[in-house]
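> Give the three-dimensional model of this entry:
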Amino acid sequence: MARPCILLTNDDGIEAAGLHALIHALHNRGFPLLVLAPAQEQSASGMRLTLHQDLVVANRDDLRDRLDLEAGGPPVEMVSLAASPCDAVILALEECEQLFPEGMAPALCISGINHGPNVSIDILHSGTLAAARQAAVYGMPAISTSHGTFDNEDYTHAVEATLRVVEAATESLPGTPVNRLRPHGIRGPEQRDGRSSMGALMMAFQRGDVLLNVNCAGEWDGSYQTTRLGARWYRGAIEMSSVELDEHSCRIGAKEIVLEEVEGGDADAIAAGSTSITTLPTWPQTHPLAIPDSLLEAALESDIHGLPRWLSA
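Model (predicted):
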């Protein structure tokens, strides 16, 4: 196949408009696609796993046919799983050969396009980001992508921004992932020693030790910014309501979202109308595969277009 195969998932469910918009765009660009997504919405599910239960796996050829994809294009396989985004990624990567046609092993995982932003502390709860991180844990290059507003479901700009990042990422990806399922454990297929910081970051992406988090502003001005995590706070998150004399119910949401200014922050970038691209470490700081602070600082360097410089190194 001329272009690498991509695994697509999300947390909004396999019927979600953002996922369908991305399927259309990637299909038109010639990418073979394996879509394995939750059967229903799983927003804010984090890295939840559904343990010791029988999970329904369903072929969704019917949905693919309704998407009216261009005839003669690359293959698109669609499967749903009645479980969490991380469950879907694990199934796709562990059982790829059984679920999908021969020769369609994914070289990259993309989670999204999510309806609403995933910036700042959102990444701790986001099922979209969690699915990408789960793929990275399994040694796969991974990208999480989100439409940074709840005000509309026009994914045109988010698709354009995502495609720019995907095209840059796939320029340097091997057709066969170097570290899928991490067969060498923490040793990996190559070491970072002796490489430039940009080369080391690209290798870390290929190995699944960093991932990319993309957020496109709802009113996008066409610009890109390489960012760090910002500071966005949810105030008044609990709403209580009385049901009976001794019984109450509550609802978790937010009466107010407060943006605290952070130089180079992802939330600041989308508030200013940009697309934010953040390089995130896959592992906690004390894990053997944790990325050195020096490399994470280097990941903040951008090219002339505003994308992370290591993507074009």
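> I'd assumed Gly13 was in contact with Gln40.
Yes. In terms of C-beta atoms under 8 Å, Gln40 counts as a neighbour of Gly13; the distance is 5.1 Å. Using the backbone N, CA and C atoms, a C-beta is placed for each residue, glycine as well.
> Report the secondary structure element holding the closest residue to Pro308 other than its chain neighbours.
Nearest residue to Pro308, sequence neighbours excluded (C-beta to C-beta, 6 or more residues apart in numbering): Thr226, at 4.8 Å. Element membership for Thr226 (DSSP states H and E) is strand 224-227.
> what distance separates that strand from the middle of the whole chain?
Average the C-alpha atoms of strand 224-227, do the same for its chain, and the two points are 16 Å apart (C-alpha atoms, centre = their mean, to the nearest Å).
> Check stretch 112-132 too.
Average the C-alpha atoms of stretch 112-132, do the same for its chain, and the two points are 7 Å apart (C-alpha atoms, centre = their mean).
> What residues of it count as buried?
Judged by neighbour count using 16 or more other C-beta atoms under 10 Å, the buried positions of stretch 112-132 are 112-120, 122-123, 126-132.
> before we move on, back to that, show me the residues around the residue nearest to Pro308 that make contact.
Thr226 makes contact with Gly264, Ile277, Thr278, Thr279, Ala299, Leu300, Glu301, Ser302, Gly306, Leu307, Pro308, Arg309 under the criterion C-beta atoms under 8 Å, 6 or more residues apart in numbering.
> Same question for His125.
Ala44, Gly46.
> measure it to Ala16 for me?
18 Å (C-beta to C-beta, to the nearest Å).
> Ok, Thr9 next?
From Thr9 over to Ala16 (counting by C-beta to C-beta), the distance is 11 Å.
> what's the overlap in contacts for the two?
Ala37.
> Please say which of these two ends up with more neighbours.
More neighbours surround Thr9 than the other of Thr9 and Ala16, with 31 against 22 (other C-beta atoms under 10 Å).
> so what's that one up against?
Neighbour list for Thr9: Val35, Leu36, Ala37, Pro38, Pro85, Ala88, Val89, Ala92, Cys109, Ile110, Ser111, Ala131 [criterion: C-beta under 8 Å, 6+ apart].
> could you point out which element follows the helix or strand bottoming out on mean pLDDT in the chain?
None of the helices or strands of the chain scores lower by mean pLDDT, DSSP states H and E than strand 238-244, at a mean of 64. Under the assignment DSSP H and E, the closest C-terminal helix or strand after strand 238-244 is strand 247-252.
> how near is Leu280 to His24?
For Leu280, the distance to His24 (C-beta to C-beta) stands at 27 Å.
> out of these two, which sits in the busier spot?
Counted by other C-beta under 10 Å, Leu280 and His24 do not tie: Leu280 has more neighbours, with 21 against 17.
> Quick check on the residue nearest to Arg232 when sequence neighbours are not counted: phi, psi?
Setting aside the residues directly before and after it, Arg232 is nearest to Ser120 in space (C-beta to C-beta, 6+ apart), at 3.8 Å. When read as degrees, to the nearest 10, the backbone of Ser120 gives phi 50, psi -130.
> For this structure, which segments count as strands?
Using DSSP state E, the strands assigned to the chain run over residues 6-9, 33-38, 57-59, 76-81, 108-115, 142-148, 210-217, 224-227, 231-235, 238-244, 247-252, 256-260, 275-281.
> What distance do you get for the residue nearest to Pro308 to Asn114?
Taking C-beta to C-beta, one finds Thr226 at 20 Å from Asn114.
> so Gly148 touches Pro117, yeah?
Yes. With contacts counted by C-beta under 8 Å, Gly148 reaches Pro117, the gap being 4.0 Å.
> what's the burial count for Gln225?
22.
> before we move on, the earlier item: among the contacts of Thr226, the buried ones, what's the PyMOL command?
Buried subset of those, written as a PyMOL selection, criterion 16+ other C-beta under 10 Å:
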select buried, resi 264+277+278+279+299+302+306+307+308+309
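> Compile the contacts of Thr226 into JSON lines and extend it with columns for distance to Glu70 and pLDDT.
Listed next are these as JSON lines, based on distance: C-beta to C-beta, whole Å; pLDDT from 0 to 100:
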{"residue": "Gly264", "distance to Glu70": "39", "pLDDT": "97"}
{"residue": "Ile277", "distance to Glu70": "28", "pLDDT": "98"}
{"residue": "Thr278", "distance to Glu70": "33", "pLDDT": "98"}
{"residue": "Thr279", "distance to Glu70": "33", "pLDDT": "98"}
{"residue": "Ala299", "distance to Glu70": "36", "pLDDT": "98"}
{"residue": "Leu300", "distance to Glu70": "39", "pLDDT": "98"}
{"residue": "Glu301", "distance to Glu70": "38", "pLDDT": "98"}
{"residue": "Ser302", "distance to Glu70": "34", "pLDDT": "97"}
{"residue": "Gly306", "distance to Glu70": "31", "pLDDT": "97"}
{"residue": "Leu307", "distance to Glu70": "28", "pLDDT": "98"}
{"residue": "Pro308", "distance to Glu70": "31", "pLDDT": "98"}
{"residue": "Arg309", "distance to Glu70": "34", "pLDDT": "97"}
